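> pasted the sequence and its predicted model underneath.
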Number of protein chains: 2
Amino acid sequence: MTWQTAQLMPTADRIDLGIGQPDPALLPADLFEQSCVDASVLAYGTEAGDERFRYALAHWLNQRQARPTSPEHLMITTGSSNALDMICTRFSQPGDTVLVEDPTYFIARKQLADHGLTAVAVPMDQGGVDILELAALIEQHKPAFFYTIPTFHNPTGITQSAERRAQLVSLARDTGCPVVADEVYQYLHYAEPPPDSLASLDERAPVLSIGSFAKLLAPGLRLGWIQGSSEILVPLTGSALLASGGGLAPVTSSLVRPLLEDGRFDQHLVRLTEVYRRRLATLVAGLTDHLGERIRFTVPTGGYFIWANWLNGADTEAMLPQAHQLGTGFQPGGKFSASPGQASAMRLCFAFYDEAQLTEACVRLSKL
Amino acid sequence: MTWQTAQLMPTADRIDLGIGQPDPALLPADLFEQSCVDASVLAYGTEAGDERFRYALAHWLNQRQARPTSPEHLMITTGSSNALDMICTRFSQPGDTVLVEDPTYFIARKQLADHGLTAVAVPMDQGGVDILELAALIEQHKPAFFYTIPTFHNPTGITQSAERRAQLVSLARDTGCPVVADEVYQYLHYAEPPPDSLASLDERAPVLSIGSFAKLLAPGLRLGWIQGSSEILVPLTGSALLASGGGLAPVTSSLVRPLLEDGRFDQHLVRLTEVYRRRLATLVAGLTDHLGERIRFTVPTGGYFIWANWLNGADTEAMLPQAHQLGTGFQPGGKFSASPGQASAMRLCFAFYDEAQLTEACVRLSKL
């Protein structure tokens, strides 16, 4: 009998660059082999999450952002999808409009739809979301919130510039429109660090930054956080869900806290980013060597993805069956956007496969 | 520095029978001291939860219900509050009506309100919910679902009879109105086992039974399950939340699975129910000895609570400040119901304090 234990069962022999998950070989089993559950976390936990863990997390974040945060500005979640789910429940009503980037993470679009929300897309350029367009759409739609992926954007890899971030936070403050920043790739950079987390820029602005250990440590931990001003966290920490069940991740946060405190998490992150830096370079070289002038892409400096456009304008959704026949795959652009212009793009993930497989995938893609 | 790690910081010297939580001294730290995280659960988990765990759980449940269930009829949650939250998101729209028992668990009422739902109360008698009234209210309101606590009801301690359960499941099947059964006390019985879990009675009926390890093992695990027919689980397992983040509790389910498989969980449950059986008897004796004819209550055969009515019709909400002054406390009836008749009741929990404290609490209550 074979047990279904993981979400993904990759097709044998296929090198599917559509898979946006960490390489199982890079999951740090050694860090958890001798982990023991702290007996003090077996009771109902405090609503915002174990304060010792939030303290350790604040300390870790404060080494990575100019304006310090504190445990009061953090709440613990069971991952970024859980965070977005709670935010939808507490900050919107079905029928509301939510602004999203064009393109945006395809499953986030589905999560918004599950909550009965209508997504309206805001155009992006290489510096991130178009602020003037965003301001006009906030005025027009009075949205429940704006969902953005400011750093190593999924799918485009774009990082919002520091200037754009300042404008965005200022706009949130002026209009009162909350900004929900999905920052799960914020600390996965292979060159200079990106500009600081949006929630850290101005505590008077209604900004919620969603962080996660899924990509930094292991998705199965189901452990993440929301950083925000105390005030904007109140509808979340004051929810009946937490009043009844207590904080969300006492056990897993107790497993991760020692790793944050003694530097093992940082050591792991150094090793992980070295591997991903090489994989990114390998995928860039493979695409350049094997697809050359047929596609165009910008090289990201972090995250998981390259967003490549076919210059012939082909619909990548229609190309997918052939890609599968050739033993490869990708996420077609149409999943991330309703705009026809995005349909000729494909999202390629360099995190799941090793360098030899990434090169082989490019060879296979070149036969399309 | 004192860290806030637990949800509850009991007031010194007060014996507050309003606390509906397990006694920290009974949390089985020894069962988790040598627990190791299974490295195979570090990837994104399968949406319904690790199949090995669901198999072990189905095996455990099948020793306790006449009609067998299977892993396909179970999905894993991060506790019962999380289960109700997901059910609200996927089975209702704000503005919908949800039927609840009168009285019902006060934080469930708040959770429904957080989702914009209007609760309409259905009367109960000693056999559980009034089926004729329920049928009339389903006809009248076309509710999103009926939320019930069929076993060792919170707050009343009432257990729905087998006959009533059959009628309820039949009504769900005939009307299509889903029944959401909060069964977190189902396996905490101190006499004969209660009738079987509602979801196990008829797989063609739209019934979701919510189970949890919070009361059976430890709330901090944030681990529970939903049992239902495969069909009714589809909106839950197919949610974008799970498509994005994978299954909900890979790590904690991997810690609990060995305990289910090797019998340590059952051994713990035997010890736990022995302690609670004695505590229930102690509270019954204390109330009888010290409050005598001033209150009326029915002795439950499981769960956490005694629901006691003051025969003078006093409003227990108004009595609470004096109770606190006397060094005791309870949950006033008005929290559980909008019906004036329930305001003279109080919910007393016998799970949190030891026998000496329970007796002392009765002495203090007698001075009210």
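Noted; the coordinates are in hand.
> measure A:Val122 to B:Thr11 for me?
51 Å (Cβ to Cβ, to the nearest Å). Every residue, glycine included, has its C-beta placed from N, CA and C.
> neighbour count for the two, which is higher?
A:Val122 (22 against 10; other Cβ atoms under 10 Å in any protein chain shown).
> look at the closest residue to the more buried one other than its chain neighbours and give its secondary structure.
Nearest non-adjacent residue to A:Val122, counting by Cβ to Cβ, 6 or more residues apart in numbering or on different chains: A:Leu134, 5.0 Å away. The local conformation at A:Leu134, judged by DSSP: H, G, I helix; E, B strand; the rest coil, is helix.
> below-threshold pLDDT in chain A: ranges please.
Scanning chain A for pLDDT under 70 picks out the ranges A:1.
> packing partners for the longest strand along it?
The strand spanning the most residues in chain A, taking DSSP state E as the definition, is strand A:118-125. If contacts are counted by 3 or more Cβ pairs under 8 Å, 6 or more residues apart in numbering or on different chains; DSSP states H and E, strand A:118-125 sits against strand A:97-102, helix A:106-114, helix A:131-141.
> circling back: right, and the residue nearest to A:Val122 touches A:Leu168 too?
Yes - under the criterion of Cβ atoms under 8 Å, A:Leu134 makes contact with A:Leu168 at 7.5 Å.
> break chain A into its domains for me.
A:15-27+A:266-365, A:33-263 (automatic domain parsing).
> quick one: closest of these to B:Ala308.
domain A:33-263 (22.9 Å; Cβ to Cβ).
> return the distance of that closest one from the chain's centre.
The chain centroid and the centroid of domain A:33-263 are separated by 9 Å under Cα atoms, centre = their mean, to the nearest Å.
> name the nearest residue to A:Thr78, sequence neighbours excluded.
A:Arg222 is the one closest to A:Thr78 (Cβ to Cβ, 6+ apart), at 4.3 Å.
> contacting residues around the one you found?
A:78-79, A:82, A:214, A:249, A:252, B:78, B:245-246, B:248-251 (Cβ atoms under 8 Å, 6 or more residues apart in numbering or on different chains).
> can you add secondary structure and distance to A:Ile306 and give the residues you listed back as JSON lines?
Compiled in JSON lines, these are given as follows (DSSP: H, G, I helix; E, B strand; the rest coil; distance: Cβ to Cβ, whole Å):
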{"residue": "A:Thr78", "secondary structure": "coil", "distance to A:Ile306": "29"}
{"residue": "A:Gly79", "secondary structure": "coil", "distance to A:Ile306": "24"}
{"residue": "A:Asn82", "secondary structure": "helix", "distance to A:Ile306": "28"}
{"residue": "A:Ala214", "secondary structure": "coil", "distance to A:Ile306": "20"}
{"residue": "A:Ala249", "secondary structure": "coil", "distance to A:Ile306": "32"}
{"residue": "A:Thr252", "secondary structure": "helix", "distance to A:Ile306": "31"}
{"residue": "B:Thr78", "secondary structure": "coil", "distance to A:Ile306": "34"}
{"residue": "B:Gly245", "secondary structure": "helix", "distance to A:Ile306": "23"}
{"residue": "B:Gly246", "secondary structure": "coil", "distance to A:Ile306": "24"}
{"residue": "B:Leu248", "secondary structure": "coil", "distance to A:Ile306": "31"}
{"residue": "B:Ala249", "secondary structure": "coil", "distance to A:Ile306": "33"}
{"residue": "B:Pro250", "secondary structure": "helix", "distance to A:Ile306": "29"}
{"residue": "B:Val251", "secondary structure": "helix", "distance to A:Ile306": "31"}
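> SS state for the residue nearest the centre of chain A?
Nearest to the mean C-alpha position of chain A, by Cα atoms, centre = their mean, lies A:Val184 at 3.5 Å. At A:Val184 the chain is in coil, as set by three-state DSSP.
> quick one: the helices in the stretch 1-150 of chain A?
Counting by DSSP state H, counting those that start in this stretch, one finds helices in the stretch 1-150 of chain A at the ranges A:29-33, A:51-62, A:80-91, A:106-114, A:131-141.
> for the residue nearest to the centre of chain A, what are its contacts?
Per Cβ under 8 Å, 6+ apart, neighbours of A:Val184: A:Ser80, A:Ile210, A:Gly211, A:Ser212, A:Ala214, A:Lys215, A:Gly224.
> I'd like those written out as JSON lines, with neighbour count and distance to B:Arg277 added.
Formatted as JSON lines, the contacts of A:Val184 follow (neighbours: other Cβ atoms under 10 Å in any protein chain shown; distance: Cβ to Cβ, whole Å):
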{"residue": "A:Ser80", "neighbour count": "26", "distance to B:Arg277": "44"}
{"residue": "A:Ile210", "neighbour count": "28", "distance to B:Arg277": "46"}
{"residue": "A:Gly211", "neighbour count": "28", "distance to B:Arg277": "46"}
{"residue": "A:Ser212", "neighbour count": "27", "distance to B:Arg277": "44"}
{"residue": "A:Ala214", "neighbour count": "24", "distance to B:Arg277": "43"}
{"residue": "A:Lys215", "neighbour count": "23", "distance to B:Arg277": "48"}
{"residue": "A:Gly224", "neighbour count": "25", "distance to B:Arg277": "41"}
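> now, those that are in strands?
Using DSSP E, those in strands are A:Ile210, A:Gly211, A:Ser212, A:Gly224.
> tabulate those residues (a markdown table), appending distance to chain B.
Putting the ones in strands among the contacts of A:Val184 into a markdown table (distance: Cβ to the nearest Cβ, whole Å) gives the following:
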| residue | distance to chain B |
| --- | --- |
| A:Ile210 | 12 |
| A:Gly211 | 14 |
| A:Ser212 | 9 |
| A:Gly224 | 9 |
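> need the residues you listed in TSV (columns: distance to B:Phe53).
As requested, these are exported to TSV (distance: Cβ to Cβ, whole Å):
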residue	distance to B:Phe53
A:Ile210	27
A:Gly211	27
A:Ser212	23
A:Gly224	22
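> mind checking the end-to-end distance for stretch A:225-233?
11 Å (Cα to Cα, to the nearest Å).
> swap in stretch A:17-37?
Termini of stretch A:17-37 sit 36 Å apart (Cα to Cα).
> before we move on, what about stretch A:17-25?
Stretch A:17-25 has an end-to-end distance of 16 Å (Cα to Cα).
> what of stretch A:209-222?
The stretch stretch A:209-222 measures 17 Å between its terminal residues, going by Cα to Cα.
> stretch A:151-168 too?
Using Cα to Cα, the end-to-end distance of stretch A:151-168 comes to 14 Å.
> backbone dihedrals for the residue nearest to A:Asp85 when sequence neighbours are not counted, please?
Excluding its sequence neighbours, the residue lying closest to A:Asp85 (Cβ to Cβ, 6+ apart) is B:Leu241, at 5.0 Å. Dihedral pair for B:Leu241: phi -50, psi -50, per degrees, to the nearest 10.
> show me what contacts B:Leu241?
So B:Leu241 contacts A:Ser81, A:Asn82, A:Asp85, A:Gln111, A:Asp114, B:Met86 (Cβ under 8 Å, 6+ apart).
> is it possible to export the residues you listed to a markdown table including neighbour count and distance to B:Pro340?
Below are the contacts of B:Leu241 laid out as a markdown table (neighbours: other Cβ under 10 Å; distance: Cβ to Cβ, whole Å):
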| residue | neighbour count | distance to B:Pro340 |
| --- | --- | --- |
| A:Ser81 | 28 | 43 |
| A:Asn82 | 25 | 39 |
| A:Asp85 | 26 | 37 |
| A:Gln111 | 23 | 42 |
| A:Asp114 | 20 | 39 |
| B:Met86 | 23 | 34 |
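> count the residues that sit near A:Asp30.
10.
> what do you get for A:Tyr187?
22.
> could you do the one 10 residues further on as well?
Neighbour count for A:Ser197, taken as other Cβ under 10 Å: 24.
> residues from the stretch 251-368 of chain A in reach of chain B?
A:Val251, A:Thr252, A:Leu255 (Cβ under 8 Å from any Cβ of the partner chain).
> which SS state does the last one fall under?
Spelled out, it's A:Leu255. Quick answer, by three-state DSSP: A:Leu255 is helix.
> and it, how close does it get to B:Glu33?
Taking Cβ to Cβ as the measure, A:Leu255 falls 14 Å from B:Glu33.
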